[in-house]
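**Student:** Dropping the sequence and predicted coords here.
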Amino acid sequence: MQPITGFYLRFKPHILMVLAQICYTFMYIITEASFNHGMNPFVYVTYRHIVAGVVTLPFAYFIERKIRPKLTLALFLEIFVLSLLGVSLTLNMYFTSLKYTSPTLLACMVNTIASLTFILAVILRMETVNIRNPRGIAKILGTVVSLVGVMTMTLYKGPALKNIGHALIHIKGSTSVVEGNWLKGSLLTVASCITWSIWYIMQAYSLKRYPAQLSLTTWMNFVGAAQSAVFTVIVQHKRAAWTIGFDIDLWSTLYGGVVISGIVTFVQLWCTEAKGPVFVTMFNPLSTLLVAALAYFVLGEKLNVGSILGGVIVVMGLYLLLWGKEHDETVQINLKGNEEPKFSSDENNFKGEA
């Protein structure tokens, strides 16, 4: 029993992130079905985070009552920006792009977040790169290769692969995408990945000043929902768009709110604090493979050569980057305060050392 417990404690962040990617896989499929059914992406983002906030609020209030720091104006403004980057701005662009592209393209594009996060980490001196070391070169090459993969997916759609057999599950609604919309959707996805990367970096700083993951998750959900609601009211004036029935729209909202914006966001914050922001992004290729397999074999979705080719290039670049990071001893974050948090690759804890 003790070896099993030791294994779990050692690989707890890894196990949690694998489960998180499985949850993301089902989100892509359920959300696409909801949008094809007529759900407005902006309304979806708003409702989803209201649900998430309501679900996480009681847990945050009681569990973190003694460790939750006092909310100052500076902290609230920081949470406001976090919510903008992680909820209202990013997800509205992201899910709007799903209407123009496909779940497979989105899942492939998400793999670039690791490379973008790495670039930002180098700029902010959270990461060090030794160009005289093979692993330092691998970091640079991996980042460049990943970005080449993004350009491939964005600019080259290519012919569609022939489906094998018939779809086991049919999603109502049109899934055909015209070329102009495909490019528009790809650019929206790229923009959302950039803001998402900034969000991951900012989390590492915010968790040091507000080390209460559940409370931070709850705040981001409510503030992000309010931001998204204001934006949605401006762009969507039809009252009917805000009405959802007892159908796929409701289930996708509940799943997105409870599982993704609630549980998975909390898991990611915990893993960010334990292992660092780049660690969290390294598991994205798993959902790419699962989404592609599910979309092609179960839903009968057409896979384009450009998405497959670009996705393979991105994954190759990602693991070049991760190989380069494998034996990093420590990654320091220089804060303006008296402490410097360090992400250690051989320890499971996030340490703040004077």
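**Tutor:** That came through fine.
**Student:** Okay, strands next: where are they in this protein?
**Tutor:** 330-332, 340-344, 350-353 (DSSP state E).
**Student:** Neighbours of the residue lying closest to Tyr100 once chain neighbours are set aside, how many?
**Tutor:** By the measure of C-beta to C-beta, 6 or more residues apart in numbering, the closest residue to Tyr100 outside its immediate chain neighbours is Gly185, 2.9 Å from it. All C-beta atoms are positioned from the backbone trio N, CA, C, and that covers glycine. The local packing count at Gly185 equals 23, with neighbours defined by other C-beta atoms under 10 Å.
**Student:** if I pick Gly185, what's in contact with it?
**Tutor:** Listed by C-beta atoms under 8 Å, 6 or more residues apart in numbering, the contact partners of Gly185 are 96-101, 105, 177.
**Student:** just Asn181 next, same as before
**Tutor:** If you count contacts by C-beta under 8 Å, 6+ apart, Asn181 has them with 100-101.
**Student:** roughly how far apart are it and Ile131?
**Tutor:** Spatial separation of Asn181 from Ile131 under the definition C-beta to C-beta, to the nearest Å is 41 Å.
**Student:** next one: Phe231
**Tutor:** 43 Å.
**Student:** more neighbours, these two?
**Tutor:** Neighbours per residue, other C-beta under 10 Å: of Phe231 and Ile131, the larger number sits with Phe231, 16 against 8.
**Student:** Tally up the residues packed near the residue nearest to Leu269 when sequence neighbours are not counted, please.
**Tutor:** Distances taken as C-beta to C-beta, 6+ apart place Gln213 nearest to Leu269, at 4.1 Å, with adjacent residues excluded. By the measure other C-beta under 10 Å, the count of residues near Gln213 is 23.
**Student:** ditto for His237
**Tutor:** Summarising burial for His237: neighbours were counted as other C-beta under 10 Å, giving 8.
**Student:** any low-confidence regions in the stretch 101-250 of the chain?
**Tutor:** Screening the stretch 101-250 of the chain residue by residue with the criterion pLDDT under 70, one finds the ranges 104, 154, 163-180.
**Student:** Could I get the full set of helices for the stretch 1-150 of the chain?
**Tutor:** In order along the chain, the stretch 1-150 of the chain carries the following helices (DSSP state H, counting those that start in this stretch): 2-37, 41-63, 73-83, 89-100, 103-110, 112-123, 134-155.
**Student:** Point out the most buried one among these.
**Tutor:** Among the helices of the stretch 1-150 of the chain, the stretch with the highest mean neighbour count (mean count of other C-beta atoms under 10 Å) is helix 103-110, at a mean of 27.
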